[in-house]
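What shape does this take:
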Amino acid sequence: MISATVPQSSVPPLAQQRHPAALWTLFRSEMWERFSYYGMRALLVLYLVKAVGYAREDALRVYAVYTGLVYLTPIVGGWIADRWLGFRKAILIGAVVMMFGHAAMAFPALLKPALGLLIVGNGFFKPNISSLVGRQYGENDPRRDAGFIYFYMGINLGALLAPLVAGWLGETIAWHWGFASAAVGMAFGLAQFVIGQERFGATGLPPGREAPSHLLPRDWVHVVVVSLSAIAVVYGVLGLLPIVATAWAAIPLQVKIALPVAALAWVLFSAWRSGGRRDFDLVLSILVLGLFNVFFWMGFEQAGGTMNLFADNLTDRVIFGWPMPASYFQAVNPLAILALAPVLSAFWTRMDSSPRALTSPAKMAIGMIILGLGFVVLAIAQQRADRLGMVGPLWLTAVYVVHTVGELCISPVGLSMVTKVSPPRMAGLMMGVWLSSSGVANYLAGTLESLLKGSGIPLYQFLVGSSIGPGVVLLVLVPLLKRWMHGRG
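Numbering: from 1, shown residues only. Take a look at the predicted model:
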């Protein structure tokens, strides 16, 4: 076990009504990290098409591979934190590596190494900062879901600023200025985390250590050494990439499918070996919900790909004579989250303290159905654009707002659920597994248009069914999942 969770019984009554001070340090750190990520995401496809000269399909494929791997590496980063580093050192390593990655994006010749650094750095950072948020609350603390919604507001404050700053710099001044601003944002996030170390108490320390609560000099040496090693590994892997790609292409499809299945079987076996049937059930519930998470994010992550191109090519963006950058539409989602998250946070807090409390799977099912309703609107907008050539900006704005409501029902709730349900010794690993479902979804999001080519099925109509259908199935499975969660969900 990495460190002790803050026991609920030790929290005084007044403090039980407030959130831990560490939450706001993590809020600010995540805000700046997400500024860097979403700034880069808002520019990547447009940059590849307009500046580098990629075809639309090739740019979307690069986007798919990048966003997919960004959410797959957290499995490794979470496992390493559980076994050796602890959450806090892993977060610091991830922040340093990503800062170098964003800086490298400012130089066109370093595109591939930069993407590699961002992928590796995110693997250390993303699962462990979410797990560290969970460690600030007791096991049955009713503030947990609300705390994750506030944390999610930090994510989306960064996501709101990203297209307005990085998007504007990249599209109107120069692409490298946009990417450089993302590096500056990551540096701010790193600084916030370093400054706020004393707020974490004994949480997030390396395994087996609960005192002293601050990081020791040797811990900082580990951060520097592992960060430099990660950078070296990225360059080494890039050198071997042609060989690896050839070898991967030669592997039969059945083996490629068997590899992730075997990995998930190992996760379940580890849970059974360490905690018996109870831990097996807990981990199984997370894996099943992770499957539904894939369907949600496969649709939602069209935002950075096909919906970004929809904004660029099929949306009338001239407002009072001013041509609005296409990347500005990326700001609608985080702006809506900042407006709606406090309302939903208060609603969930009240609901979760009442007999009418919804389980995490039920909330997530509702979110999937709402996502599908957003694609109903987008499918209609696509038909109008096919007929008229363009549509007004309110169509895409409405889709983003509806999707935001669905996102608030599934994303912060899912993060909170993983910290509640995971066996303590597997917390980082399970957060990595959960985020990896988003990685699979991101890859599918970027390749879905080409996969559907020739089928005659319009993309957005397909996404209506792939969102609402699984949402209804998940509602049916709620009683079974509730039993597997043993009262934790």
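
After the helix or strand hosting residue 123, which helix or strand is next?
Per DSSP states H and E: residue 123 is located in helix 111-134. As assigned by DSSP H and E, the chain's next helix or strand after helix 111-134 is helix 144-162.

Report the next helix or strand after that next one in sequence order.
Using DSSP H and E, the first helix or strand after helix 144-162 is helix 168.

buried stuff in the helix or strand following that next one?
Following helix 168 in sequence order, the next helix or strand is helix 175-195 (DSSP H and E). Using 16 or more other C-beta atoms under 10 Å as the test for burial, helix 175-195 gives 175-176, 178-190, 192-193. Every residue, glycine included, has its C-beta placed from N, CA and C.

ok now do the nearest residue to residue 465 once chain neighbours are set aside, which residues does it touch?
Take residue 465 and drop its neighbours on the chain: the residue closest to it by C-beta to C-beta, 6 or more residues apart in numbering is residue 372, 7.6 Å away. Contacts for residue 372 (C-beta atoms under 8 Å, 6 or more residues apart in numbering) come out as 299, 463, 464, 465, 466, 467, 468, 471.

Could I have the buried ones of those as ChimeraX selection syntax?
To isolate the buried members of the contacts of residue 372 in ChimeraX, using 16+ other C-beta under 10 Å:
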select :299,463,464,466,467,468,471
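
for the contacts of residue 372, which one is nearest residue 439?
Of all the contacts of residue 372, the one with the least separation from residue 439 (C-beta to C-beta) is residue 299, at 15.2 Å.

Just the pLDDT at the residue lying closest to residue 316 once chain neighbours are set aside, thanks.
Nearest residue to residue 316, sequence neighbours excluded (C-beta to C-beta, 6+ apart): residue 390, at 4.7 Å. Residue 390 is assigned 94 on the pLDDT scale.

Relative to residue 54, how far out is residue 390?
From residue 390 across to residue 54, the span is 24 Å (C-beta to C-beta, to the nearest Å).

Between those two, point out the one with more neighbours.
Using other C-beta atoms under 10 Å, the more surrounded residue of residue 390 and residue 54 is residue 54, with 17 against 13.

Surely the residue nearest to residue 316 is in contact with residue 315?
Yes: here residue 390 lies in contact with residue 315, judged by C-beta atoms under 8 Å, at a distance of 6.4 Å.

just to revisit the earlier point, what residues sit buried inside the helix holding residue 123?
Of the residues in helix 111-134, 111, 113-134 count as buried by neighbour count, 16+ other C-beta under 10 Å.

From residue 333, how far off is residue 29?
For residue 29, the distance to residue 333 - C-beta to C-beta - is 21 Å.

right, I mislabeled it, should have said residue 58
Here residue 58 is placed at a distance of 26 Å from residue 333 (C-beta to C-beta).

the more surrounded of these two?
Legend: neighbour count by other C-beta under 10 Å for residue 58 and residue 333, higher for residue 333 (23 against 13).

that older thread, can you tell me which residues contact the residue nearest to residue 316?
The contact partners of residue 390, by C-beta under 8 Å, 6+ apart, come to 314, 315, 316.

Spit out the contact partners of the second one.
Yep, that's residue 315 we're talking about. 326, 329, 385, 390, 391, 392, 393, 395, 396.

Kindly report the same for the last one.
With contacts defined as C-beta under 8 Å, 6+ apart, residue 316 is in contact with 390, 391, 392, 393.

Which one of the residues you listed sits in the busiest neighbourhood?
residue 391 (20 neighbours).

Identify all residues paired with that residue through a beta bridge.
Beta-bridge partners recorded for residue 391 (DSSP bridges): residue 315.

how near is it to residue 177?
In terms of C-beta to C-beta, residue 391 sits 31 Å off from residue 177.

Could you do residue 49 as well?
From residue 49 to residue 177 the distance is 18 Å (C-beta to C-beta).

Likewise for residue 230?
Distance, residue 230 to residue 177, by C-beta to C-beta: 26 Å.

Return the helix or strand in this structure with minimum mean pLDDT.
In the chain, no helix or strand scores lower on mean pLDDT, DSSP states H and E than helix 13-16, which sits at a mean of 48.

The helix or strand that it is followed by to helix 111-134, inter-axis angle?
Beyond helix 13-16 in the direction of the C-terminus, DSSP H and E gives the next helix or strand as helix 21-47. On the basis of axes from the mean of the first three to the mean of the last three C-alpha atoms, to 10 degrees, helix 21-47 is oriented at 160 degrees to helix 111-134.

Please identify the buried residues of whichever helix or strand comes after helix 21-47?
Going down the chain from helix 21-47, the next helix or strand is helix 56-70, by DSSP H and E. Residues of helix 56-70 classed as buried by neighbour count (16+ other C-beta under 10 Å): 56, 59-70.

Serialize those to a markdown table and add fields for distance to residue 482.
Below are those laid out as a markdown table (distance: C-beta to C-beta, whole Å):
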| residue | distance to residue 482 |
| --- | --- |
| 56 | 44 |
| 59 | 43 |
| 60 | 38 |
| 61 | 40 |
| 62 | 41 |
| 63 | 37 |
| 64 | 34 |
| 65 | 37 |
| 66 | 36 |
| 67 | 32 |
| 68 | 31 |
| 69 | 33 |
| 70 | 32 |
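
quick one: which of the residues you listed is nearest residue 219?
The closest of the buried residues of helix 56-70, once distances to residue 219 are taken by C-beta to C-beta, is residue 70, at 25.8 Å.

contacting residues for the residue nearest to residue 40 when sequence neighbours are not counted?
Nearest residue to residue 40 in three dimensions, chain neighbours excluded: residue 182, at 5.0 Å (C-beta to C-beta, 6+ apart). By C-beta under 8 Å, 6+ apart, the contact set of residue 182 is 35, 36, 37, 39, 40, 102, 105, 162, 166.

Quick check: residue 482 vs residue 264, distance?
For residue 482, the distance to residue 264 - C-beta to C-beta - is 22 Å.

now do residue 357
Using C-beta to C-beta, residue 357 is found at 30 Å from residue 264.

do residue 345 as well
Counting by C-beta to C-beta - residue 345 and residue 264 are separated by 32 Å.

try residue 321
Distance of residue 321 to residue 264, given as C-beta to C-beta: 55 Å.

quick one: which of these two has more around it?
residue 264 (16 against 5).

What is the one helix or strand that one maps to packed up against?
Residue 264 belongs to helix 253-300 when assigned by DSSP H and E. Helix 253-300 is packed against helix 360-388, helix 393-421, helix 427-452, helix 459-484, with contacts defined by 3 or more C-beta pairs under 8 Å, 6 or more residues apart in numbering; DSSP states H and E.
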